[in-house]
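In: A structural model of the following input is requested.
(chains A and B)
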Amino acid sequence: MITYFLCLALFCVGLYCVLRKRNLIKIIIGLGIIDYAVNLFFVLIGYRHKGRAPILSSTQEIKNMVDPIPQALVLTAIVIGLAVTALIVAIAMRLYEKYGTFDITKIKRLKG
Amino acid sequence: MNPLIPKNQNTLKPNPGMTLIVKVVTRLTVGLILLFGIYIVLHGHLSPGGGFAGGVIIALSFIHLTLAFGKDFALRKLSESKASLLESLGAIMFLTIATLGFLGGYFFYNFFISKGKPFNLFSAGIIPLCNIAICLKVGAGLFAIFLVLILFRLPEKKE
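Out: Numbers count the residues shown, from 1 in each chain, chains lettered A, B, ... in the order given. From the prediction side, this is the model:
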C-alpha cells in the first residue's frame, strides 16, 4: 500500500513543477514526471508478490506471474507520452522564436 | 540558427559537433548500440523487448550520432527523406502482413505452413516479421521527430 502513496507523492512533485515553475522547459519536465507517475501506478496495480514476467520460457515453469494487461496499456501510454512531449517541445520552440524567452510570465502578448 | 545550441559551436565550422573525447567514445559505442537494438528486435518473440523497444534503441543510436558529430554527418548516414520513406515502409509492411492473413481466412492469420519449434529463433510465424515492421516504423519515426525538431526553422521575420 505504501508504494501507491509514493506514486502519489511523485505525481504531486510533477504537479508542483507544472503549477509553480515559470520556465517552460521545467513545465515540460513536470508533465513528463506526471506521465511516468501514472504509468508506474498502473504497473504497480498489476503487480503480484513474487510474480515473474508473463513470458513463456523453455527452462522454467510459470506458477505466479504479474498481470500483463497494465503493462501493455503502459507501453501504449509511453508512446503517446512521447508524441505529446514532442508536440509540446515543438510549441515551446516556436514560442521561443516568437518571444525570445521561456519565462511564461513574459509571454503575454495576445497576438497571432 | 538554432537558439538551443551554444553560440561557440558555430565558430568551429570545419569540425562541427562535440569535443574529441565525445567523438571517439561515440565511434566506439554507436555500432554496439545499433547491434543491441537489432538483437532486441530479432529476439522480440523469445525474450522481453520487441519491435517498439528495439526501434527506440536503434533510433537512439542515430540520435547519438547526430548529437556527437553534428547534423550533417548524421544526415549523410540516414537522410530525412529516407527516414520518412522507411517509416512509411514499416506501416505498409505491417498492414501487408496483417492483410495476407486473409489467405488463411482472417485478419492476422499466421500464414506460414511450418510453425517452427518453440523457443527457436525462426519460430512464432508472423510475429518476428511484425516486430521488424514495428521496428522500422518506430525507429525511423523517432529519428524523424528528432530531425524535425533540429532542422525545421521558421523563416526569419523582418522587423
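In: Centre-most residue in chain A?
Out: A:D35 (1.8 Å; Cα atoms, centre = their mean).
In: I'd assumed A:G81 was in contact with that residue.
Out: Yes: at 4.4 Å, A:D35 counts as touching A:G81 under the criterion of Cβ atoms under 8 Å. Every C-beta, even on glycine, is put in place using the N, C-alpha and C of the backbone.
In: Write out the residues of chain A neighbouring chain B.
Out: By Cβ under 8 Å from any Cβ of the partner chain, the residues of chain A that approach chain B are A:53, A:55-58, A:75, A:79, A:82, A:86, A:89-90, A:93-94, A:96-97.
In: Mind naming the longest helix for chain B?
Out: helix B:127-151 (DSSP state H).
In: Please state the backbone phi and psi of the residue lying closest to B:F119 once chain neighbours are set aside?
Out: Closest residue to B:F119 apart from its sequence neighbours, by Cβ to Cβ, 6 or more residues apart in numbering or on different chains: A:S58 at 4.3 Å. According to degrees, to the nearest 10, the main-chain angles of A:S58 amount to phi -80, psi -20.
In: do the same with A:V18
Out: According to degrees, to the nearest 10, A:V18 has phi -70, psi -40.
In: ditto for A:D103
Out: phi -80, psi 120.
In: what's the distance between the closest residue to it other than its chain neighbours and A:C12?
Out: Among residues not flanking A:D103 along the chain, A:R22 sits closest, at 5.4 Å (Cβ to Cβ, 6+ apart). Distance of A:R22 to A:C12, given as Cβ to Cβ, to the nearest Å: 19 Å.
In: Quick one: residues contacting B:L151.
Out: Contact analysis of B:L151 by Cβ atoms under 8 Å, 6 or more residues apart in numbering or on different chains lists B:71, B:80.
In: Could you check the pLDDT of it?
Out: Listed pLDDT for B:L151 reads 80.
In: Tally up the residues packed near B:A133, please.
Out: Neighbourhood size, B:A133 [other Cβ atoms under 10 Å in any protein chain shown]: 23.
In: all helices of chain B, in order?
Out: So, for chain B - with DSSP H - the helices run B:20-42, B:51-69, B:71-77, B:80-100, B:127-151.
In: Just the CA trace of the helix or strand of chain B with the lowest mean pLDDT, in PDB.
Out: When each helix and strand of chain B is scored by mean pLDDT, DSSP states H and E, helix B:71-77 comes last, with a mean of 80. Taking Å, rounded to 0.1, in the frame of the first residue of the first chain, the C-alpha atoms of helix B:71-77 are listed here in PDB:
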ATOM      1  CA  LYS B  71      23.500  17.100 -38.100                       C
ATOM      2  CA  ASP B  72      25.300  17.000 -41.400                       C
ATOM      3  CA  PHE B  73      27.200  13.700 -40.600                       C
ATOM      4  CA  ALA B  74      24.000  12.000 -39.400                       C
ATOM      5  CA  LEU B  75      22.000  13.200 -42.400                       C
ATOM      6  CA  ARG B  76      24.600  11.600 -44.700                       C
ATOM      7  CA  LYS B  77      24.000   8.300 -42.900                       C
END
